[in-house]
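K.L.:
sequence and predicted model, in that order:
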Amino acid sequence: MKAMMITAVLAASISGLALQAQGTAHPIPRIVQQNGRYALMVDGAPFLMLGAQANNSSDWPATLPKVWSAIEYLHANTLEIPIYWEQFEPQQGQFDYSQIDSVLAQARVHHVHVVLLWFGTWKNGSQHYMPEWMKLDPERYAHVVNRNGERVDSPSPFAQASLDADIRAFTSFMRHLKAVDPERTVLMVQVENETGTWRTLRDYSAEANKLFTAAVPDDVLKAMNKTAANGAGWAEVFGTEAEVCFHAWAIARYVGQIASAGKAVYPLPLYVNAALRDPFKGEPGTYESGGPTDNVLSIWKAEAPAIDVLAPDIYLLDTKSYLKVMELYHRQDNALFIPETAGTPHAARFLFAALGLQTIGYSPFGLDYTRTNHPERMAPNEPNAFLDPTAQNYKLLGPMMRDIARLNFEGKLQALAEAEDQPGQTLHFGSWDAVVSYGGSRGGEARGNAEPIGRALVAQLGDNQFLVTGFHCRVDFHPAGTAQQQTTQAIVVGTGQTPSALIDGKWQHRQFLRVEEGTYENGVFQSDRILNGDQTDWGLDFGSDSEVLRVSLATY
Ligand code: DGJ
């Protein structure tokens, strides 16, 4: 009897602890919006995800060590890694949680967070991660069929049996996460992977054809801001975009049901990732149809409200396209989050451009040591030129990421990446302008770096105080005059020049009151020394070292 009581008391206190852990100690991560800006809240405060995504086939006991060593080298604070439906439900209705458990346990040992990618019905438009028992029954778990009535290598969004099976598997996965992750190691879950279909614009099954000619649902008309005659079908309303809009509607509805069932079980932030279309000339047929491409974001928002973020996988490397894509996904109703991007060295600078659009996270793809077709990327524990630019970013930003996320959420931060044709860029902060230049020598004209690798971040801490960091750039401050009035006047002080502006008929000249170089310890800026003389007379120079400055300004 006594033993039973002790057991009961123990059980009650354990469940109390579990409740405490789930309810108070570590609140469930969430995405919040304030004045049109977003933050990913982790442990109750804005968090900047500095991530790396593992290769597709890396989530196995044999390969995980090659993932962790890369994560460590990169100073990433989050690993994005898949959960494979085929491994998770090898027999129908029998779920294997071992892979989830081992990733979580190992992530905790490495002190990093995790984003889990549900490779379910869709993976890059295919059904390749469906369990064998589904692959062997294409009658029941139907494929898309093309115009000629042939099965395509893509799952049909009208296959009710597939949807039911995915909902069962995904909710079981989320239920398990809720039970085993009171620490909130998992920050977000990606639902499916690059949904959509290649090589045909939509499903041409009899059921799909019937819906295609039926009236476009009112919520789609409203979301896409279309007015149409009563009963107008997809072709009439959307013209050349009819097929891609229809396929997006069908897939978003399917994924929306999975997301909402999963969220009801455990309300973690959920997102879907997009294989992009060319942001300047994305004609139907030139991209994967049906996923959350920029032209159908509003359809996805309307049909899949349980999805918090529609997120671009950015592999376009020219600066204009990269910036354009970010602009298209940074919307009032959508936080910018980049779950995949090229891990190539020159792309590392785009993290700063993404910060300039308040990204909540950034994660280059395939940065582990498992690839055999890229031997230059596979040198665990040795200097690695391929990984270094990303490692440089994360080493610098990791210790200050809470401040960056908070300042960005408060609208006090601006950041940018060097563009090929712009050796100088200006950021406006009330009575100060921060002028960023690239590739200039002392007193000489900025010409841009030989390769565009510059990046800069400036945050306003007070009226006349800024946090400044970056790589391969120079930052200086000008009193904000009007465009015509502002000049870098050749008032020579010692060796340097003083940026000045004519304000209300009086010249105002910038002076540095104090330039502190410091380091972040436990998330707090510690001043290590004061820079002056050659280190400030020509502006504030940043090279390839991790340097953070706190700059106090005045005018005379
Ligand atoms: C985008 C996909 O989402 C990833 O899983 C991966 O296949 C990359 N493309 C390319 O390797």
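P.N.:
Looks like it arrived, so ask away. Numbers count the residues shown, from 1 in each chain.

K.L.:
which helix or strand contains I251?
P.N.:
Remark: I251 resides in helix 242-265, with elements defined by DSSP states H and E.

K.L.:
which helices and strands does that helix pack with?
P.N.:
The elements that helix 242-265 packs onto, with contact taken as 3 or more CB pairs under 8 Å, 6 or more residues apart in numbering; DSSP states H and E, are strand 113-123, helix 160-180, strand 186-193, helix 206-213, helix 234-238, strand 270-275, helix 297-303. Every residue, glycine included, has its C-beta placed from N, CA and C.

K.L.:
how about the fifth one: buried residues?
P.N.:
When burial is assessed from 16 or more other CB atoms under 10 Å, helix 234-238 yields the following buried residues: 234, 237-238.

K.L.:
next: stretch 271-289.
P.N.:
271-277, 279, 284, 287-289.

K.L.:
between those, which is closest to S500?
P.N.:
P279 (39.6 Å; CB to CB).

K.L.:
which one is that closest one nearest to, not counting chain neighbours?
P.N.:
Nearest residue to P279 in three dimensions, chain neighbours excluded: K324, at 4.2 Å (CB to CB, 6 or more residues apart in numbering).

K.L.:
how far off centre is stretch 516-530?
P.N.:
Here stretch 516-530 is found 28 Å from its chain centre; the criterion is CA atoms, centre = their mean, to the nearest Å.

K.L.:
from one end of it to the other, what's the distance?
P.N.:
For stretch 516-530, the separation between the terminal residues is 5 Å (CA to CA, to the nearest Å).

K.L.:
now the helices for the stretch 1-150 of the chain?
P.N.:
2-20, 64-74, 85-88, 98-109, 132-135 (DSSP state H, counting those that start in this stretch).

K.L.:
quick one: mean pLDDT for the second one?
P.N.:
Throughout helix 64-74, pLDDT has a mean value of 95.

K.L.:
and for the fourth one?
P.N.:
Confidence over helix 98-109, taken as the mean pLDDT, stands at 98.

K.L.:
list the buried ones in that helix?
P.N.:
99-100, 103-104, 106-107.

K.L.:
check whether stretch 75-95 contacts the ligand.
P.N.:
No - using CB under 6 Å from any ligand atom, stretch 75-95 never reaches the ligand; the gap is at least 7.6 Å.

K.L.:
how far does that stretch sit from the chain's center?
P.N.:
That offset, for stretch 75-95, works out to 20 Å (CA atoms, centre = their mean).

K.L.:
may I see the buried residues of that stretch?
P.N.:
75-89, 95.

K.L.:
the residue of the chain found nearest the ligand: what's it in contact with?
P.N.:
Nearest residue of the chain to the ligand, counting by CB to the nearest ligand atom: E194, 4.4 Å away. Counting by CB atoms under 8 Å, 6 or more residues apart in numbering, E194 makes contact with 122-125, 273-275, 288, 291, 313.

K.L.:
and the stretch 201-350 of the chain, which residues reach the ligand?
P.N.:
Close to the ligand, as judged by CB under 6 Å from any ligand atom, the stretch 201-350 of the chain has residues 313, 340.

K.L.:
err, the stretch 351-500 of the chain, not the other one
P.N.:
So far as CB under 6 Å from any ligand atom goes, the stretch 351-500 of the chain lies against the ligand at F365.

K.L.:
out of the helices and strands packed on helix 242-265, nearest to P399?
P.N.:
strand 113-123 (15.5 Å).

K.L.:
for the closest one, output the C-alpha coordinates as CSV.
P.N.:
Taking Å, rounded to 0.1, in the frame of the first residue of the first chain, the C-alpha atoms of strand 113-123 are listed here in CSV:
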residue,chain,number,x,y,z
HIS,A,113,18.5,22.9,-32.1
VAL,A,114,16.9,20.9,-34.8
VAL,A,115,14.4,21.5,-37.6
LEU,A,116,12.9,18.3,-38.7
LEU,A,117,11.9,17.9,-42.4
TRP,A,118,8.9,15.6,-43.0
PHE,A,119,9.8,13.7,-46.2
GLY,A,120,6.2,12.5,-46.6
THR,A,121,4.0,12.4,-49.6
TRP,A,122,6.2,14.8,-51.6
LYS,A,123,10.0,15.0,-51.9
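
K.L.:
pLDDT (mean, whole number) over that strand?
P.N.:
98.

K.L.:
biggest strand in the protein, by residue count?
P.N.:
The longest strand of the chain (DSSP state E) is strand 506-521.

K.L.:
contacts for that strand, please.
P.N.:
So strand 506-521 is contacted by 399-400, 403, 464, 476-479, 481, 489, 491, 498-502, 525-532, 535-536, 540, 547-556 (CB under 8 Å, 6+ apart).

K.L.:
residue numbers of the stretch 51-200 of the chain in contact with the ligand?
P.N.:
Residues of the stretch 51-200 of the chain lying near the ligand (CB under 6 Å from any ligand atom): 56, 124, 193-194.

K.L.:
residue ranges with poor pLDDT in this protein?
P.N.:
By pLDDT under 70, the weakly predicted segments of the chain are 1-24, 371-381, 482-497.

K.L.:
can you rerun that using 80?
P.N.:
The model of the chain has pLDDT under 80 over residues 1-24, 371-383, 441-444, 481-498.

K.L.:
touching, A208 and R202? I think so.
P.N.:
Yes - between A208 and R202 there is a contact under CB atoms under 8 Å: 6.5 Å.

K.L.:
overlap in contacts of the two?
P.N.:
246, 250.

K.L.:
neighbour count: the two, which is higher?
P.N.:
R202 (30 against 18; other CB atoms under 10 Å).

K.L.:
now do the SS call for that one.
P.N.:
coil (DSSP: H, G, I helix; E, B strand; the rest coil).

K.L.:
also P182?
P.N.:
Under three-state DSSP, P182 comes out as coil.

K.L.:
returning to that earlier point: give me the buried positions along the helix holding I251.
P.N.:
Buried, per 16+ other CB under 10 Å, within helix 242-265: 242-259, 261-263, 265.

K.L.:
try stretch 204-220
P.N.:
So, applying 16+ other CB under 10 Å, buried residues of stretch 204-220: 204-205, 208, 211-212, 215-216, 220.

K.L.:
stretch 39-48 now?
P.N.:
Applying 16+ other CB under 10 Å to stretch 39-48 flags 39-42, 46-48 as buried.

K.L.:
same thing with stretch 57-67?
P.N.:
58-59, 64, 66-67.

K.L.:
can you pick out the most distant pair from those?
P.N.:
Most distant of those, by CB to CB, are D59 and K66, 11.4 Å apart.

K.L.:
could you count how many residues lie near the closest residue to A215 other than its chain neighbours?
P.N.:
With sequence-adjacent residues excluded and distances taken as CB to CB, 6+ apart, A215 is closest to G231, at 4.5 Å. G231: 9 surrounding residues under other CB under 10 Å.

K.L.:
tell me the secondary structure for G231?
P.N.:
Criterion first, three-state DSSP; result for G231: coil.

K.L.:
for G539, what are its contacts?
P.N.:
437, 474-476.

K.L.:
export those residues to JSON lines and append columns for neighbour count and secondary structure.
P.N.:
Shown next, in JSON lines, are the contacts of G539 (neighbours: other CB atoms under 10 Å; DSSP: H, G, I helix; E, B strand; the rest coil):
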{"residue": "S437", "neighbour count": "23", "secondary structure": "strand"}
{"residue": "R474", "neighbour count": "22", "secondary structure": "strand"}
{"residue": "V475", "neighbour count": "22", "secondary structure": "strand"}
{"residue": "D476", "neighbour count": "23", "secondary structure": "strand"}
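
K.L.:
and of those residues, the nearest to H330?
P.N.:
V475 (23.6 Å).

K.L.:
what are the bridge partners for the closest one, then?
P.N.:
Beta-bridge partners for V475, by DSSP bridges, are V436, L540.

K.L.:
my guess is it contacts R455. True?
P.N.:
No - with contact defined as CB under 8 Å, V475 does not count as touching R455 (11.0 Å).

K.L.:
tell me which residues form a beta bridge with S552?
P.N.:
Here S552, judged by DSSP bridges, has bridge partners Q465, R514.

K.L.:
isn't it right up against N464?
P.N.:
Yes - at 6.2 Å, S552 counts as touching N464 under the criterion of CB under 8 Å.
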